[in-house]
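*Asks:* Provided below are the primary sequence and the corresponding predicted coordinates.
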Amino acid sequence: MKAILIALLNILFFTSCSNESVLPTPILVEETMYYPTIGSSVWDTKSIQTLGWNQSAVQPLLDYLALKNSKSFIILINGRIVMENYFNGHDATANWYWASAGKTLTSTMTGIAQQENLLNINNKVSQYIGTGWTSAPLAKENLITCKNLLSMNSGLDDSTDAVDPASLIYTADAGTRWAYHNVFVKLQDVVAQASSQTWDNYFNTKLRDKIGMNGSWIQSGDNSVYRSTTRSMARFGLLMLNKGKWNSEQIINENYFTEATNTSQPINQAYGYLWWLNGKSSYHLPQSQLQFSGSIIPNGANDMFMALGKNDQKIYVIPSKKMVVIRMGDAADAVNPALSDFDNVLWQKINALYQ
């Protein structure tokens, strides 16, 4: 049988080569997605040269990252590391805080709890954590659903980051006003109550350990902030690039993932369930009721969705390029918003790698 197969292949080869005007059509095999092994420090790589990228654009990018107080930077393509760089004394084993980029972890855990039928995001928050969690009139408090917290349209006052009941003041009916606010953290209480577990235990069991992240939640005032290595942040980005799937396991329901990474409400087109969305016709920024025209990051891909945290903690996911980009560090500039001109300049320099 083997001899017959070889003979047939030879016939096909010489037939195709006998006429110079007829060339064999190359078969393009798409590269498979790679997932780093749980509990291993080994991670497949892919070189700039193999991708056909512009090697001369690498150093300007690294220089910019170093100049802008970065501690770490990773680019993944199809799950493989293309660039991994550390700056200013940071290294692959060091933990760093995610700041508000960690909101996306809370979004993901809320979706996992829903798929396990522990909660429904359309239910009111008080169904899970009791009434009186705000200082709003009860009728107004009961308008606030878990989805409102995911979408940042609870209607609560955003002039303070505090989330004690006295600070959660009624400003507008839920769903009628978009305002970036730490009140999302109440979803961690919702998940804990619904699962009858601590938030940390449920998170570790259902997400962290399943994809091989390290790290832990650290209490910071009224907020809970996640700290991990840069590679752990990249693992989460890779999970989201693959629509909530890790190898053969669907960690988070794809329908919820789709909702989370698309516009969640009509006021701020550039916001999903605690994810920022690029390429929309308009956007709102934290601590502002102004609407701005155009894409948040003009130099970024239109299909990019992002986890953005204070002092420029970044997860960028670009499905069209099968790319994940991670940046951790101190604030790039003197101001410390989650969104700044740093994002646009950074993407100008990333684009130079392959344009």
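*Replies:* Now that the structure is in, tell me what you want to look at. Numbers count the residues shown, from 1 in each chain.

*Asks:* Leaving out sequence neighbours, find the closest residue to residue 37.
*Replies:* residue 212 (7.3 Å; Cβ to Cβ, 6 or more residues apart in numbering). Bear in mind the C-beta positions are built from the backbone N, C-alpha and C, glycine included.

*Asks:* so where do the strands sit in the stretch 1-150 of the chain?
*Replies:* Assigned by DSSP state E, counting those that start in this stretch, the stretch 1-150 of the chain shows strands spanning 70-77, 80-86, 96-97.

*Asks:* packing partners for the shortest one?
*Replies:* Judged by 3 or more Cβ pairs under 8 Å, 6 or more residues apart in numbering; DSSP states H and E, strand 96-97 is in contact with strand 223-228.

*Asks:* And the average pLDDT for the strand it packs on is what?
*Replies:* For strand 223-228, mean pLDDT is 93.

*Asks:* In contact with residue 205, which residues?
*Replies:* residue 197 (Cβ atoms under 8 Å, 6 or more residues apart in numbering).

*Asks:* tell me the secondary structure for it?
*Replies:* helix (DSSP: H, G, I helix; E, B strand; the rest coil).

*Asks:* same deal with residue 180?
*Replies:* Residue 180 - assigned by three-state DSSP - is coil.

*Asks:* list the contacts for the nearest residue to residue 310 once chain neighbours are set aside?
*Replies:* Nearest residue to residue 310 in three dimensions, chain neighbours excluded: residue 99, at 4.0 Å (Cβ to Cβ, 6+ apart). Going by Cβ under 8 Å, 6+ apart, residue 99 touches 225, 309-311, 313, 338.

*Asks:* now stretch 267-280, how far from the centre of its chain.
*Replies:* Put simply, stretch 267-280 sits 12 Å off its chain's centre (Cα atoms, centre = their mean, to the nearest Å).

*Asks:* Can I get that stretch as CSV, trimmed to CA atoms?
*Replies:* C-alpha atoms of stretch 267-280 as CSV (Å, rounded to 0.1, in the frame of the first residue of the first chain):
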residue,chain,number,x,y,z
ILE,A,267,-25.2,55.4,26.3
ASN,A,268,-21.5,54.4,26.0
GLN,A,269,-21.0,52.5,22.8
ALA,A,270,-17.4,51.6,23.9
TYR,A,271,-18.3,49.6,27.0
GLY,A,272,-19.3,46.0,27.4
TYR,A,273,-19.5,44.1,30.7
LEU,A,274,-16.5,45.8,32.4
TRP,A,275,-14.5,45.6,29.0
TRP,A,276,-13.6,48.6,26.9
LEU,A,277,-14.4,48.3,23.2
ASN,A,278,-12.4,49.9,20.4
GLY,A,279,-13.7,50.9,17.0
LYS,A,280,-17.1,52.3,18.0
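
*Asks:* quick revisit: tell me the spacing between the residue nearest to residue 37 and residue 228.
*Replies:* With distances taken as Cβ to Cβ, to the nearest Å, residue 212 is found 11 Å from residue 228.

*Asks:* Now the residue nearest the centre of the chain: phi and psi?
*Replies:* Nearest to the geometric centre of the chain sits residue 307, at 4.4 Å (Cα atoms, centre = their mean). Note on residue 307: backbone dihedrals following degrees, to the nearest 10 are phi -100, psi 120.

*Asks:* Same check on residue 39?
*Replies:* Torsion angles, degrees, to the nearest 10, at residue 39: phi 80, psi 10.

*Asks:* Nearest residue to it in space, ignoring adjacent ones along the chain?
*Replies:* Nearest to residue 39 is residue 212, by Cβ to Cβ, 6+ apart, at 6.3 Å.

*Asks:* Check residue 245 too.
*Replies:* Using Cβ to Cβ, 6+ apart, the closest residue to residue 245 is residue 251 (6.8 Å).

*Asks:* Just the ones in helices from the contacts of residue 99, please.
*Replies:* Of the contacts of residue 99, none are assigned to helices by DSSP state H.

*Asks:* Which of those ranks first by neighbour count?
*Replies:* residue 313 (26 neighbours; other Cβ atoms under 10 Å).

*Asks:* if I pick that one, what's in contact with it?
*Replies:* With Cβ under 8 Å, 6+ apart, residue 313 has these contacts: 96-101, 307, 327-329.

*Asks:* What distance do you get for the spatially closest residue to residue 227 that is not a sequence neighbour to residue 217?
*Replies:* Leaving out its chain neighbours, the residue that sits closest to residue 227 by Cβ to Cβ, 6+ apart is residue 95, at 4.5 Å. Distance of residue 95 to residue 217, computed by Cβ to Cβ: 12 Å.
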